[in-house]
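Undergrad: All I have is the shape, not the residue letters:
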């Protein structure tokens, strides 16, 4: 059985182009560089949003990939997830200040912000005489030309009012020629943060590179999908070793999503979304990172989801398979399926990851390489993976359900 999930939002998504991050890319430096632009773009979309809300794709361009050949690219996963964590934290603080819901499909006035890392080196020419083609590499990250060819059309294109912002806009618009015709009103300049130089080489280029994997797994409730979920899902996708289009191989992202029965005792359980909705929202979000089509997201385009065994979606000509499975315990498929490579956890679920490997060891199976993402705090603090915290104020689905319950009680 298969079903279709509608493309995100009632309108086309909007784009915010961000130039490469400062270095070192500390939280303070990132906030100084990007907070004004993020706040301006989110504010404008909030004021114009109706129906199911707006979607804002934040394209952070950075020379993050290393390697001379297209099929042999590498990246530093710790650096990438740290940048993502800080950006999502900044976004969460902005949304809290503006009273904007952070979960997807949150209704009128909401802005669903999704960060997409795009490989781009401003010191090198990205322009060609031919129309940009979709040319993925062996990672989930694409280059600016492929991004232009696959991500369109846009409602608005925002860019910072500084030199790096204008340079990036110029490069991008040349790549977008012939793909989308834009009105001047659709190109919106927003306040830029502190302009930063792209020299010396970015930290990602000098950091140790991470080995990618064919089968990556993670788990969670993914209720009212929020920035913490977006970070976890994106970070997991960045670990995939994506096969070539014409090969018979497929890489897999296996996502264990807690079954409805286990959530009946959660706080505000009546507002927990059904498993099918949570799985569909998870796949829809991942499509923002993994789907590449020359048609972009034309009106009426839908995601094809096979629901004969959980929820399965395939991207990039079938080279990437996302499989959402219903789990009824803390282990899920990690102790029922031997052939897995990597497990993505957070500081909050670190103990669960250790328990998984202990159980696999008991079964005589190879232990999974574990990758830990940072935890986002509702007050804008990012708990780095090396830290131990109680996470009492972390961004959570429970807090979102509480706000929704309070909102209902006031009606």
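TA: That came through, no problem. This one's a predicted model, so the numbers in the text were calculated from it and none came from an experiment.

Undergrad: so where do the helices sit in the stretch 1-150 of the chain?
TA: 27-48, 77-97, 144-150 (DSSP state H, counting those that start in this stretch).

Undergrad: Now mean pLDDT, distance to residue 403 and mean neighbour count too, for those, in TSV please.
TA: The C-beta positions use only the backbone N, C-alpha and C, and glycine is treated the same way. Shown next, in TSV, are these (pLDDT from 0 to 100; distance: least, C-beta to C-beta, whole Å; neighbours: other C-beta atoms under 10 Å):
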stretch	mean pLDDT	distance to residue 403	mean neighbour count
helix 27-48	93	16	20
helix 77-97	93	11	22
helix 144-150	95	34	23
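
Undergrad: Mind checking the ones you listed for the one nearest to residue 265?
TA: Across the helices of the stretch 1-150 of the chain, residue 265 has its closest neighbour in helix 77-97 (26.9 Å, C-beta to C-beta).

Undergrad: And that closest one, what does it pack against?
TA: With contacts defined as 3 or more C-beta pairs under 8 Å, 6 or more residues apart in numbering; DSSP states H and E, helix 77-97 has these neighbours: helix 27-48, strand 54-62, strand 111-119, helix 203-206, helix 227-237, strand 369-373, strand 375-376, strand 382-383.

Undergrad: want to throw these into TSV with distance to residue 21?
TA: Formatted as TSV, the helices and strands packed on helix 77-97 follow (distance: least, C-beta to C-beta, whole Å):
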stretch	distance to residue 21
helix 27-48	6
strand 54-62	6
strand 111-119	10
helix 203-206	8
helix 227-237	16
strand 369-373	18
strand 375-376	18
strand 382-383	15
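
Undergrad: quick one: the residue nearest to residue 71 when sequence neighbours are not counted from residue 283, how far?
TA: Sequence neighbours aside, residue 138 is the residue nearest to residue 71 in space, at 5.2 Å (criterion: C-beta to C-beta, 6 or more residues apart in numbering). Counting by C-beta to C-beta, to the nearest Å, the gap from residue 138 to residue 283 is 22 Å.

Undergrad: So these two - more neighbours on which side?
TA: Taking other C-beta atoms under 10 Å, residue 138 and residue 283 do not tie; residue 283 has more neighbours (24 against 21).

Undergrad: Wait, that one touches residue 322, no?
TA: Yes: when contacts are counted by C-beta atoms under 8 Å, residue 283 is listed as touching residue 322 (5.7 Å).

Undergrad: list residues touching both of these two?
TA: Common contacts of residue 283 and residue 322, defined by C-beta atoms under 8 Å, 6 or more residues apart in numbering, comprise residue 313.

Undergrad: Count the residues that sit near residue 165.
TA: So residue 165, with other C-beta under 10 Å, has 21 neighbours.

Undergrad: does it belong to a helix or a strand, and which?
TA: Following DSSP states H and E, one finds residue 165 within helix 163-176.

Undergrad: And that helix, what does it pack against?
TA: Counting contacts by 3+ C-beta pairs under 8 Å, 6+ apart, helix 163-176 packs against strand 14-18, helix 144-150, strand 157-160, strand 187-190.

Undergrad: Taking helix 27-48 as reference, get the angle to it.
TA: Helix 163-176 runs at 60 degrees relative to helix 27-48, counting by axes from the mean of the first three to the mean of the last three C-alpha atoms, to 10 degrees.

Undergrad: Residue 303 falls within a helix, correct?
TA: No: counting by DSSP: H, G, I helix; E, B strand; the rest coil, residue 303 is located in no helix; its state is strand.

Undergrad: these two touch, right, it and residue 284?
TA: Yes: look at residue 303 against residue 284 with C-beta under 8 Å: they come within range, at 6.2 Å.

Undergrad: the more surrounded of those two?
TA: Neighbour totals were compared for residue 303 and residue 284, and residue 284 leads with 22 against 19 (other C-beta under 10 Å).

Undergrad: Confirm for me that residue 116 is in contact with residue 288.
TA: Yes: Residue 116 is within contact range of residue 288, at 6.5 Å (criterion: C-beta under 8 Å).

Undergrad: Could you tell me which residues touch both of the two?
TA: Common neighbours of residue 116 and residue 288, using C-beta under 8 Å, 6+ apart, are residue 57.

Undergrad: Quick check: pLDDT value at the residue nearest the centre of the chain.
TA: The centre of the chain sits closest to residue 234, judged by C-alpha atoms, centre = their mean, with a distance of 4.0 Å. If you check residue 234, the pLDDT there is 98.

Undergrad: Also residue 411?
TA: 54.

Undergrad: In space, what's closest to residue 43 - neighbours in sequence excluded?
TA: Nearest one to residue 43, counting by C-beta to C-beta, 6+ apart, is residue 98 at 6.3 Å.

Undergrad: Ramachandran coordinates for that neighbour?
TA: Here is the backbone geometry of residue 98 (degrees, to the nearest 10): phi -100, psi 0.
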